[in-house]
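Participant: model this:
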Amino acid sequence: MDEIYNKITNPDEWGVDDNETSEIQKFYENESIFLTGCTGFVGKSIVEKLLRSCPGLKKIYLLVRPKKISAKDRIDKYFNDSIFNELRKLRKNFTSKVVWFEGSLESENLGLSDEDKCVIINEATIFIHNASNVKFELRISDSLSCNVFGTKNMLDLASQCKYIKAFVYVSTAYSHCYHDDIYEKCYPPPGDLKLIQNCIDTDRSTPDGMSSTAIKELIAPWPNMYLFGKSTAESLVEQYAKNVDFRCTIFRPSIILGSYQEPTPGWSDGNFNGPTLVFLGVGLGFIHVTILTHQILSI
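Facilitator: This is a model prediction of the structure:
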């Protein structure tokens, strides 16, 4: 691994040798990707890596929803991020391969205009569904609408695409955390879409939503609504895979930390979730850890 990264970090070799191709580069040759969740840590890493390492890639289509600012302003700010600094040096016109669409996972047809939807149906060959709402304190109707029905909307659109080859769903290693051991297989879901819709309707029927007691009883043995929803979404992907002629894949990453070398060592995009902030604090000397030996503890 170190030998590979030594080559990557060599400015004379990093991403500029287009004559040397890997199997991954060959796979993405002339392909067009439709990606959700592009503005998050993982999404930015995917976009940067593909544009830098796969010069034969045809297009990347990004689904962007407006937040406090418009989708256009978000994208303008997005490509000024430091993650793209090295890519800018290597491929100055890299944004020419990027097309963004304003939309929302919760909306019918993802909130895409008829024209934008037509582009996806006729051009996209690979779907990477990376977007989700990871806030544990979110109302369950909002969480399930995004994480479950958002996945269904993506699968529905993928099934209409003329040239699609693969659908990749980015889940989490903790989607079935009630098991002591997690294997690379599909597990029984908490329920079907009818149950999910009933949960959403019940939550929205009262101003304060479902009570915490009712939620705990509903989602057990899952510890929170986020994992409950991700598990359900995995089952949707599994069911669709049985009825379509393209590959469907579930990817379960574990805890996301800062980068090892790419695009720059230690890059975290300001993501201080999980242990990242602790590691940063230790590395900068703000947090001091004292290791006590068995002899000291026994005194």
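
Participant: all contacts plus neighbour counts: C-alpha atoms, from now on.
Facilitator: Noted.

Participant: Just the CA atoms of stretch 78-87, as PDB, please.
Facilitator: Included here for stretch 78-87 are C-alpha records, laid out as PDB according to Å, rounded to 0.1, in the frame of the first residue of the first chain:
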ATOM      1  CA  TYR A  78     -18.500  23.400  -4.400                       C
ATOM      2  CA  PHE A  79     -15.800  23.500  -7.100                       C
ATOM      3  CA  ASN A  80     -13.800  26.100  -5.200                       C
ATOM      4  CA  ASP A  81     -13.200  23.600  -2.500                       C
ATOM      5  CA  SER A  82      -9.500  22.700  -1.700                       C
ATOM      6  CA  ILE A  83     -10.200  19.100  -2.500                       C
ATOM      7  CA  PHE A  84     -10.000  20.000  -6.200                       C
ATOM      8  CA  ASN A  85      -6.700  21.900  -6.000                       C
ATOM      9  CA  GLU A  86      -4.500  19.100  -7.300                       C
ATOM     10  CA  LEU A  87      -7.100  18.100  -9.900                       C
END
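
Participant: Please identify the buried residues of it?
Facilitator: 79, 83, 84, 86, 87 (16 or more other C-alpha atoms under 10 Å).

Participant: Over that stretch, what's the mean pLDDT, rounded is fine.
Facilitator: Mean pLDDT, stretch 78-87: 87.

Participant: quick check, distance from it to the centre of its chain.
Facilitator: On the basis of C-alpha atoms, centre = their mean, to the nearest Å, stretch 78-87 sits 19 Å off its chain's mean C-alpha point.

Participant: who touches that stretch?
Facilitator: With C-alpha atoms under 8 Å, 6 or more residues apart in numbering as the test, stretch 78-87 has contacts from 39, 44, 45, 48, 51, 52, 94, 263, 264, 267.

Participant: Helix, strand, or coil at the fourth one?
Facilitator: Right, the one you point to is residue 48. Secondary structure for residue 48, judged by DSSP: H, G, I helix; E, B strand; the rest coil, is helix.

Participant: got the contact list for it?
Facilitator: Counting by C-alpha under 8 Å, 6+ apart, residue 48 touches 83, 84, 87, 263.

Participant: Also the last one?
Facilitator: Counting by C-alpha under 8 Å, 6+ apart, residue 267 makes contact with 83, 258, 259, 260.

Participant: Give me the distance between the third one and residue 45.
Facilitator: Read it as residue 259. 9 Å (C-alpha to C-alpha, to the nearest Å).

Participant: So the two - more neighbours on which side?
Facilitator: Counted by other C-alpha atoms under 10 Å, residue 259 and residue 45 do not tie: residue 45 has more neighbours, with 20 against 14.

Participant: So that one lies in a strand, does it not?
Facilitator: No - secondary structure of residue 45 (three-state DSSP): helix, not part of a strand.

Participant: In this protein, where is pLDDT below threshold?
Facilitator: Residue ranges of the chain with pLDDT under 70: 1-20, 269-284, 286-299.

Participant: now with 80?
Facilitator: For the chain, applying pLDDT under 80 flags the ranges 1-21, 136, 257-299.

Participant: rewinding a little: which of the contacts of residue 48 lies closest to residue 199?
Facilitator: Set against residue 199, the nearest of the contacts of residue 48 by C-alpha to C-alpha is residue 83 (39.4 Å).

Participant: give me phi/psi at residue 99?
Facilitator: The phi and psi values for residue 99, taken as degrees, to the nearest 10, are phi -130, psi 130.

Participant: hey, what's it bridged with?
Facilitator: residue 61 (DSSP bridges).

Participant: tell me the contacts of it?
Facilitator: Residue 99 is in contact with 59, 60, 61, 62, counting by C-alpha under 8 Å, 6+ apart.

Participant: Now do stretch 198-205: everything it contacts.
Facilitator: 139, 140, 141, 142, 144, 145, 209, 210.

Participant: Those in helices, which ones?
Facilitator: Mapping the contacts of stretch 198-205 onto helices (DSSP state H) picks out 140, 141, 142, 144.

Participant: between those residues, which is nearest residue 122?
Facilitator: For the ones in helices among the contacts of stretch 198-205, the minimum distance to residue 122 (C-alpha to C-alpha) is 29.3 Å, reached by residue 144.

Participant: How many residues are close by the closest one?
Facilitator: Residue 144 - counted by other C-alpha under 10 Å - has 27 other residues nearby.

Participant: Then residue 223?
Facilitator: As a burial measure, residue 223 scores 17 neighbours (other C-alpha under 10 Å).

Participant: Now it. Its backbone dihedrals?
Facilitator: phi -80, psi -20.
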